[in-house]
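Colleague: Predicted structure and sequence below. I'll ask about it afterward.
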Amino acid sequence: MRAEYDFSKGKRGAVIPAKGKTRITIYIDDSILDEFRSRAERAGTGYQTMMNEALKAFLEKSEQPVTAAILRQIIREEFPEKSRLTPSSAGRAKTARR
């Protein structure tokens, strides 16, 4: 064994980084997140996994780029009762979009 080791070029974390997934931060409406969590709990899976699968399914059937407008449309189609503003959230937005 050496008396000293040089860790100046060392990196923190896993020796081999995981490939295939990237951690991101995204803002999702509370009602949408609650619905994904609820459905994931009933299905016995993770809500992030379920969101990932929903996005994959959309991308497989469409060659259009995912824009904010398209993402809103998908959310409204998947969760019509949850995508409308509730009285408590109406104060946060000036107008309800449909």
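Modeller: Yep, that arrived. Numbering: from 1, shown residues only.
Colleague: any low-confidence regions in this protein?
Modeller: Scanning the chain for pLDDT under 70 picks out the ranges 17-18, 82-98.
Colleague: measure Asp34 to Phe79 for me?
Modeller: Between Asp34 and Phe79 the distance is 10 Å, computed by C-beta to C-beta, to the nearest Å. C-betas here are computed from N, CA, C, even on glycine.
Colleague: More neighbours: which of these two?
Modeller: Using other C-beta atoms under 10 Å, the more surrounded residue of Asp34 and Phe79 is Phe79, with 17 against 14.
Colleague: quick one, what contacts that one?
Modeller: Shown in contact with Phe79 (C-beta atoms under 8 Å, 6 or more residues apart in numbering): Ser31, Ile32, Glu35.
Colleague: Can I get the buried part of those residues as one ChimeraX selection?
Modeller: Buried subset of these, written as a ChimeraX selection, criterion 16 or more other C-beta atoms under 10 Å:
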select :31,32,35
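Colleague: would you turn the contacts of Phe79 into JSON lines with secondary structure?
Modeller: Formatted as JSON lines, the contacts of Phe79 follow (DSSP: H, G, I helix; E, B strand; the rest coil):
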{"residue": "Ser31", "secondary structure": "helix"}
{"residue": "Ile32", "secondary structure": "helix"}
{"residue": "Glu35", "secondary structure": "helix"}
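Colleague: for the contacts of Phe79, which one is nearest Thr67?
Modeller: The shortest gap between Thr67 and any of the contacts of Phe79 belongs to Ile32, at 17.1 Å (C-beta to C-beta).
Colleague: What segments of the protein are strands?
Modeller: Assigned by DSSP state E, the chain shows no strands.
Colleague: Alright, calling it a day.
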